[in-house]
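Novice: Fold the stuff below for me.
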Amino acid sequence: MPLETLDRTPPPFFKQGPSALSRLVFFGALALFLMVADARLHLVQPLRAAIATVLYPAQWLALQPVQAAETFASYLTDLKTARKTEEAARRKLAEQSQRAGQVEQLALENQRLRALLALRERVQTPGTAAQVLYDATDPYSRRVVIDKGQLQGIAAGSPVMDESGVLGQITRVYPFVSEITLLIDRDQVIPVMNARTGTRSVAYGDPSPHGGMMELRYMSVTEDVKEGDLLTTSGVDGVYPPGLPVARVARVDRRSDTSFARIQCQPVARLQGVAHVMVLAPVTPQPDGASAAAAGATAADAPAAAAAEAASAPPPAASATPPARRAHAGARR
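Specialist: Just a heads-up that it's a prediction; the model follows:
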């Protein structure tokens, strides 16, 4: 076969069309034209809107997992925030409850302090307000310690009272603190007068270790003493101003085997949990350096004389023994 008869052109399948450079120039020019036309004439805007409308369902389906994840994360964040807010609200509620209790306590304390100030004005006796620090460590005595001492002008033997009545007497004085012996202490005595009848007598502290009462001694069974009678200071000892409330008669036991009645009294002052007190100056100034026992002995001797004078029959010789024993015990301390 001669070679001239062969077709040298490639078959249609292998035809490449325009060259690559020609196509690059054409499509580059087309792209530049479309960009200029879209910027100037907005020719592609309808086409873009149509394409966006067609692709919106696909976009919505593609965004659902992302939105679900964001919603779940937001739910967890909100739940955590809600729990923190609840805890903060509970803490705030607890603090408000505590503050409410403190407000009630402060209101009661303010009321007592106002009562103390009013009582101070009514008594017309110089006094010093003090705060109770703690109870004394001696388990066999009923004493408390206050935050005022010699530097604040506190003297041994000074009477002490709260907003209700007489609380006790200063028995020991230190530079910065002082010790108060309460009325219910077994070594404490105070001359009193029945506000209803005017009868004078002597009130002694309860001798029992855990007693919280007082006792009127050397009172005849014929004396007019009733439950509920108010006992006030008589002022015959020169220590307590007259007319201060001391106690109320709680029980009267008249026995036939003795000529003296057993009378128990309940102090009107708050002997437990007292926080603020008023230290009054003694009616008769006490000598410097006087001990608690000397003050107690003085307070005991005067009431004994008053009781002997008020009683219908003089008490036996043994009635003078308790004050002497107290004076001797105070001297030993």
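Novice: So which elements touch the strand or helix carrying residue 278?
Specialist: Using DSSP states H and E, residue 278 sits in strand 276-280. Applying 3 or more C-beta pairs under 8 Å, 6 or more residues apart in numbering; DSSP states H and E, one finds that strand 276-280 contacts helix 45-123, strand 127-135, strand 159-161. Glycine gets a C-beta too; all of them are placed from N, C-alpha and C.
Novice: starting at the chain centroid, how far to the longest one?
Specialist: Spelled out, that is helix 45-123. How far helix 45-123 lies from its chain's middle: 29 Å, per C-alpha atoms, centre = their mean, to the nearest Å.
Novice: again with the shortest one
Specialist: From the chain centre to the centre of strand 159-161 is a distance of 25 Å (C-alpha atoms, centre = their mean).
Novice: Direction included, what does that strand pair against?
Specialist: Looking at strand 159-161 with DSSP bridges, its partner strands are strand 166-173 (antiparallel), strand 276-280 (antiparallel).
Novice: now those strands in TSV, with mean pLDDT and mean neighbour count?
Specialist: Output for those, formatted as TSV (pLDDT from 0 to 100; neighbours: other C-beta atoms under 10 Å):
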stretch	mean pLDDT	mean neighbour count
strand 166-173	92	25
strand 276-280	91	22
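Novice: Which one of the ones you listed lies nearest to residue 28?
Specialist: Ranking those by their distance to residue 28 (criterion: C-beta to C-beta) puts strand 276-280 first, at 98.9 Å.
Novice: Not counting that closest one itself, show me its contacts.
Specialist: Contact with strand 276-280 is made by 109, 112-113, 116, 119-120, 123, 125-132, 146, 148, 154, 158-162, 167, 170, 178, 180, 241, as judged by C-beta atoms under 8 Å, 6 or more residues apart in numbering.
Novice: of these, buried ones?
Specialist: Among those, those classed as buried by 16 or more other C-beta atoms under 10 Å are 112, 116, 119-120, 123, 125, 127-128, 130, 132, 146, 148, 154, 158-162, 167, 170, 178, 180, 241.
Novice: Quick check, pLDDT for the spatially most central residue of the chain.
Specialist: Centrality entry for the chain: nearest residue to the mean C-alpha point is residue 102, 5.0 Å, by C-alpha atoms, centre = their mean. pLDDT recorded at residue 102 is 78.
Novice: Could you give the bridge partners of the residue nearest to residue 195 when sequence neighbours are not counted?
Specialist: Among residues not flanking residue 195 along the chain, residue 230 sits closest, at 4.4 Å (C-beta to C-beta, 6 or more residues apart in numbering). With DSSP bridges as the criterion, the beta-bridge partners of residue 230 are residue 248.
Novice: which residues sit in contact with residue 230?
Specialist: So residue 230 contacts 194, 195, 196, 245, 247, 248, 268 (C-beta under 8 Å, 6+ apart).
Novice: By neighbour count, which of those residues wins?
Specialist: Scoring the contacts of residue 230 on neighbours with other C-beta atoms under 10 Å, the highest-scoring entry is residue 247 at 26 neighbours.
Novice: measure that one to residue 137 for me?
Specialist: Separation of residue 247 from residue 137 (C-beta to C-beta, to the nearest Å): 26 Å.
Novice: Over to residue 105?
Specialist: For residue 105, the distance to residue 137 (C-beta to C-beta) stands at 26 Å.
Novice: which of those two has more neighbours?
Specialist: residue 105 (11 against 8).
Novice: how near is the closest residue to residue 126 other than its chain neighbours to residue 37?
Specialist: Leaving aside its chain neighbours, residue 126 sits nearest to residue 281 (4.6 Å; criterion: C-beta to C-beta, 6+ apart). Noted for residue 281: a distance of 110 Å to residue 37, by C-beta to C-beta.
Novice: Counting neighbours around each, name which of those two comes out higher.
Specialist: The neighbour comparison of residue 281 against residue 37 (other C-beta under 10 Å) goes to residue 281, with 18 against 12.
Novice: got a list of what the more buried one touches?
Specialist: Residue 281 neighbours (C-beta under 8 Å, 6+ apart): 125, 126, 127, 155, 158.
Novice: Need the phi and psi values for it.
Specialist: Here is the backbone geometry of residue 281 (degrees, to the nearest 10): phi -80, psi 140.
Novice: least trustworthy helix or strand in the protein by mean pLDDT?
Specialist: In the chain, the helix or strand scored least confidently by mean pLDDT, DSSP states H and E is helix 321-332, which has a mean of 38.
Novice: Name all residues that make contact with residue 206.
Specialist: 184, 186, 212, 213, 214, 215.
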